[in-house]
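1. all I have is the shape, not the residue letters:
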């Protein structure tokens with residue numbers, strides 16, 4: 001089992017920045033892709049960004065390209081999501097996700113092995 005613990009969510013104004021962190025613990029061995037999804041009430045959980053084991057490749061959903069940056073520190077078993085120039089539509093609960101061992105994280109929720117409990121982000125206008 002891998003436990004994922006998100007932090008860094010909160011209230012931010014339009015155009016501001018926020019940095020989310022995801023600390024992994026437990027059976028963290030196994031080179032696996034990591035990433036972030038988000039969800040708003042009444043909607044399906046959607047893919048945001050993903051990163052490979054060696055910090056490449058990285059890929060993003062179109063709506064956050066140029067604004068969000070995903071990174072990781074394998075020595076600390078931590079993944080980050082730097083959110084810049086946030087917009088009201090970025091308001092959601094953000095979930096950290098881990099792919100199966102030796103796999104990249106895909107954009108489908110069905111291909112996620114482990115989930116965090118989520119951290120809420122609210123963008124105020």
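-> Everything's here; your move. Keep in mind that this is a model prediction, so the values were computed, not measured.
2. neighbouring strands - and their directions - for the lengthiest strand in the chain?
-> Longest strand in the chain, counting residues (DSSP state E): strand 18-26. According to DSSP bridges, strand 18-26 has the following sheet partners: strand 2-7 (antiparallel), strand 78-83 (antiparallel).
3. and the next helix or strand along the chain from the first one, how far out from the chain middle?
-> Heading C-terminal from strand 2-7, the first helix or strand you meet, by DSSP states H and E, is strand 10-13. What separates the centre of strand 10-13 from the centre of its chain is 17 Å, taken as CA atoms, centre = their mean, to the nearest Å.
4. flag every buried residue along strand 10-13.
-> Using 16 or more other CB atoms under 10 Å as the test for burial, strand 10-13 gives residue 12. Using the backbone N, CA and C atoms, a C-beta is placed for each residue, glycine as well.
5. parallel or antiparallel, which strands does it pair with?
-> When DSSP bridges is applied, strand 10-13 pairs with strand 119-124 (parallel).
6. run through the chain and note the low-pLDDT ranges.
-> 29-30 (pLDDT under 70).
7. quick check, central residue of it?
-> What sits nearest the mean C-alpha location of the chain, by CA atoms, centre = their mean, is residue 36, with 2.1 Å.
8. what about the closest residue to it other than its chain neighbours, how many residues nearby?
-> Excluding the flanking residues, the one nearest residue 36 by CB to CB, 6 or more residues apart in numbering is residue 48, at 4.3 Å. As a burial measure, residue 48 scores 24 neighbours (other CB atoms under 10 Å).
9. what pairs with the helix or strand containing residue 48, parallel or antiparallel?
-> Following DSSP H and E, one finds residue 48 within strand 46-51. The strands that strand 46-51 pairs with in its sheet are strand 34-39 (antiparallel), strand 58-60 (antiparallel) (by DSSP bridges).
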